[in-house]
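> Structure for this input, please:
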Amino acid sequence: MKLSRKISIFVLLFSVVLLILIVAFKYKKKPNFYRAHLNSEQWDKTNFEYDKINKLILYGDEDEKVKIKIPSPECYFFNLKGKQLIQIEPRITGKAGFYTTLYFRSMSEEKIHCRLILQKGDEKKEIAHIQKMDFNSSFIRNLDIGKKEKIILSFTGEGIVAFSVPIIYTKNESKEKNYIFLIGADTLRADYVGKNINGNSLTPNIDLFKKNSADFTNAYSQSSWTLPAFMSLFTSLYEFNHGVTRGASLDQEKPFLVRELSKKFLTFSYNGGAFVGKKYGFSRGFDLYTSLASLIRSGSGKIMFDTAIKLIERTEFPDLFLFLHTYQLHSPYAPDLEFLYKINSEPELLKFGGYHAKKKYKRVDEKKVGAFRELYQAEILEFDHYFGEFIRKLKVMGFYDSSMIIFMSDHGEEFYEHKAWTHGHSLYNELIKIPLIIKFPHNEYKGVEISEDVGIIDIFPTILEACKVKFSSKSVDGESLLPLLNGKKLNRKTLYSSLSTGWMIDAIPPKFSIISKDSKLIFNYPFNSERLTFFNKDSSPPQIDRIEFFDIREDKLEKDNIIDQKEIPKFFRQRIEELRMAINKALATKKRGKIILSKEELEKLRALGYIN
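Numbering: from 1, shown residues only. Predicted coordinates:
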């Protein structure tokens, strides 16, 4: 009797567990998208070469190589000789979208035919048919996938074919989209956001956006120029810890947090390239990472935002992370005259190419300084206009409310406040203090203002925690800012910025800064007398103290070094030694000379004033 009761109880429990599993499986949340990774080992890849450093597929003989730019970190390619069928097993049924970036080139006098087909048994439905000699574009189509139907990509002809990992995603107009926009306005100073010019704000649209967002009023970049700063953003590591330099990309073992985000989101980017280019490791984890030459000139803010809107309209992705970056505010300055005349109806200059590194410390009269500032302000006013148009379009499309939008910069710009020009040479606040404004979905934390010191390294941990994406917090230097928004404190007491391994100009020695509340210390390594010959005779660097200590609450312009008037707190002295050791170790092991730039990339850097 006892045995039979035990058996009955066991059967009952087993039945309950089985029922729970059946219900859980039935109502398990179906994926909104998936990446169709393919087995391409059987494809003919004769005469193909994959250039991992430059992110290119090379085809042909040494004398006549065809260069195919890889649109994503993973790309498929093959020789087409006759007919090639690529079969994809859909994990989604019903209304769906299909996305890939497609390249093909005929090597005969006949066009290549590319067909997208839905097939079930012997029944075939042709969804799209492209017949061209050359094709290089995104390939987006709407599908209605029935049960047991397969997706077929068919290629016919002779030539070379390459395409990114196909993405299949659900299309549901009634379902709320899950979008994250990370907008990087390169070279935007924090103190120019909301700046009053002629009785009007320089950034009326950013000001309006701020009202629905959380505003971090003491946000700092971890370096004062593009490459190390943006790498600190994506790795959540200090500059001397990620180790990326002009000559070396990110090591594979280092964290790159887009990879974590890609588990829940499709990941795309339109950016200005150059020092946020693929070669340095920025494309890791992205489905599409496109650097546009048009994003380094004036007016590029409009191009960037219009390209983003076009992508959203054409694809209607359900879950998307989109990194947008432009050099519009970076020198050379050549704003649209409509915006320049709003700053000054009779400007002294209509454009300015900026100073090359050899003229970094060139002395000019105050009138010219004012003219340079006006051009920069006009670029900001113009960019703000395009930003406002973008936000209004998101609202009209119904995507604004549910989206997370992060607006930030990588560094500022100096106009001779400390006897130098542009950026990448010092760690004063005109260069490392940045705007950081985050609009959360449904305006959560609307109007919250956070005055604690935060860094560019904190942005990605915040995004990941907000999206409930797991990551190893012990492998990064940054912290999520959600505790601050919920009335708690961060774990750290100090925040660092530096110019060390990620140097911009060889002749400028390393330096680092330590920030804690109202106190800021800058430690300057001495100039090497032999390297001073790099600078023009009228552009010699100013004399600066080895250690500078500022009360940045009272001395916001950092003009009064109080190192001889006030004793440095003990924990500051401890941090100096810790940082010196960390930076010296990093400098001793830093990599050089691994990245070779193409002519196109050199032209970008020349246009931005980085090379002569």
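> Buried ones in stretch 148-160, by neighbour count?
Buried residues in stretch 148-160, counted by 16 or more other C-beta atoms under 10 Å: 149, 151-157, 159-160. The way it works is simple: take the backbone N, C-alpha and C, and place the C-beta from them, glycine included.
> Please identify which of these is nearest to Cys114.
Phe155 (5.5 Å; C-beta to C-beta).
> what separates the helix or strand where the closest one lies from the chain centre, distance-wise?
Using DSSP states H and E, Phe155 maps to strand 150-164. Relative to its chain's centre, strand 150-164 lies at 31 Å (C-alpha atoms, centre = their mean, to the nearest Å).
> counting contacts, what elements does it pack onto?
strand 66-69, strand 75-88, strand 94-106, strand 112-120, strand 134-145 (3 or more C-beta pairs under 8 Å, 6 or more residues apart in numbering; DSSP states H and E).
> So in that sheet, which strands flank the helix or strand immediately after it in the chain, and in what orientation?
Later in the chain than strand 150-164, the nearest helix or strand by DSSP H and E is strand 167-170. Strand 167-170 has these partner strands in its sheet, going by DSSP bridges: strand 33-35 (antiparallel), strand 94-106 (antiparallel).
> got the CA coordinates for strand 167-170 in CSV?
In CSV, the C-alpha atoms belonging to strand 167-170 read as follows (Å, rounded to 0.1, in the frame of the first residue of the first chain):
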residue,chain,number,x,y,z
ILE,A,167,19.3,38.4,-40.8
ILE,A,168,15.7,37.1,-40.6
TYR,A,169,13.4,39.1,-38.3
THR,A,170,9.7,39.4,-37.4
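> How about the contacts made by the closest residue to Ile117 other than its chain neighbours?
Spatial nearest neighbour of Ile117, excluding adjacent residues (C-beta to C-beta, 6 or more residues apart in numbering): Ile152 at 4.1 Å. By C-beta atoms under 8 Å, 6 or more residues apart in numbering, the residues touching Ile152 are 85-88, 115-119, 124.
> Which member of the buried residues of stretch 148-160 is positioned nearest Pro31?
Ile151 (15.7 Å).
> Is that closest one bridged to anything, and to what?
Note on Ile151: beta-bridge partners by DSSP bridges are Ile88, Leu118.
> how close does it get to Pro255?
Using C-beta to C-beta, to the nearest Å, Ile151 is found at 34 Å from Pro255.
> Likewise for Gly194?
34 Å.
> Looking at these two, which is more packed in?
Under the neighbour definition other C-beta atoms under 10 Å, Gly194 and Pro255 were set side by side, and Pro255 has more, 19 against 14.
> a helix runs through that one, doesn't it?
No - using DSSP: H, G, I helix; E, B strand; the rest coil, the assignment for Pro255 is coil, not a helix.
> Pretty sure it sits against Ser475.
Yes - using C-beta atoms under 8 Å, Pro255 is in contact with Ser475, at 5.1 Å.
> Can I get the strands paired with strand 167-170 in a markdown table including mean pLDDT and distance to Asn536?
Shown next, in a markdown table, are the strands paired with strand 167-170 (pLDDT from 0 to 100; distance: least, C-beta to C-beta, whole Å):
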| stretch | mean pLDDT | distance to Asn536 |
| --- | --- | --- |
| strand 33-35 | 96 | 52 |
| strand 94-106 | 96 | 45 |
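> Pick the most deeply packed of the ones you listed.
Of the strands paired with strand 167-170, the one with the most neighbours on average (mean count of other C-beta atoms under 10 Å) is strand 94-106, at a mean of 20.
> tell me the angle it makes with strand 112-120.
Relative orientation of strand 94-106 versus strand 112-120 (axes from the mean of the first three to the mean of the last three C-alpha atoms, to 10 degrees): 150 degrees.
> then strand 94-106 to PDB, C-alphas only?
Only the C-alpha atoms of strand 94-106 are listed here, as PDB (Å, rounded to 0.1, in the frame of the first residue of the first chain):
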ATOM      1  CA  GLY A  94       4.600  34.700 -40.800                       C
ATOM      2  CA  LYS A  95       5.300  38.300 -41.700                       C
ATOM      3  CA  ALA A  96       9.100  38.700 -41.700                       C
ATOM      4  CA  GLY A  97      12.000  40.700 -43.100                       C
ATOM      5  CA  PHE A  98      15.200  39.600 -44.800                       C
ATOM      6  CA  TYR A  99      18.400  41.700 -44.600                       C
ATOM      7  CA  THR A 100      21.900  41.300 -46.000                       C
ATOM      8  CA  THR A 101      24.500  43.500 -47.600                       C
ATOM      9  CA  LEU A 102      25.200  42.100 -51.000                       C
ATOM     10  CA  TYR A 103      28.100  42.500 -53.400                       C
ATOM     11  CA  PHE A 104      28.600  40.700 -56.700                       C
ATOM     12  CA  ARG A 105      30.600  41.400 -59.900                       C
ATOM     13  CA  SER A 106      30.300  39.700 -63.200                       C
END
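> quick one: it to strand 150-164, angle?
Comparing the axes of strand 94-106 and strand 150-164 via the same axes, to 10 degrees yields an angle of 50 degrees.
> any idea of the angle strand 94-106 forms with strand 134-145?
160 degrees.
> other SSEs contacting the longest helix belonging to the chain?
In the chain, assigned by DSSP state H, the helix with the most residues is helix 366-397. Contacts defined by 3+ C-beta pairs under 8 Å, 6+ apart place helix 366-397 against helix 204-211, helix 300-315, helix 337-343, strand 414-415.
> would a markdown table of these with mean pLDDT and mean neighbour count be doable?
Below are the helices and strands packed on helix 366-397 laid out as a markdown table (pLDDT from 0 to 100; neighbours: other C-beta atoms under 10 Å):
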| stretch | mean pLDDT | mean neighbour count |
| --- | --- | --- |
| helix 204-211 | 98 | 17 |
| helix 300-315 | 95 | 19 |
| helix 337-343 | 97 | 16 |
| strand 414-415 | 96 | 19 |
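> Would you reformat those as a markdown table and include distance to Lys358?
Converted to a markdown table, these look like this (distance: least, C-beta to C-beta, whole Å):
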| stretch | distance to Lys358 |
| --- | --- |
| helix 204-211 | 34 |
| helix 300-315 | 26 |
| helix 337-343 | 28 |
| strand 414-415 | 16 |
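> Out of the ones you listed, which is closest to Lys489?
Using C-beta to C-beta, the helices and strands packed on helix 366-397 put helix 204-211 closest to Lys489, at 23.5 Å.
> can you list contacts of that closest one?
Against helix 204-211 from outside (C-beta under 8 Å, 6+ apart): 193-194, 201, 384-385, 387-388, 391, 405, 407, 435, 437, 439, 446-447.
> tell me which of those is nearest to Arg246?
Pro435 (26.1 Å).
> How about the contacts made by the closest one?
For Pro435, counting by C-beta under 8 Å, 6+ apart, the contacting residues are 185, 188, 190, 193, 206, 219, 407-409.
> try Leu288
Leu288 neighbours (C-beta under 8 Å, 6+ apart): 71-72, 101, 164, 267-269.
> Please apply the same query to Asn491.
Glu479.
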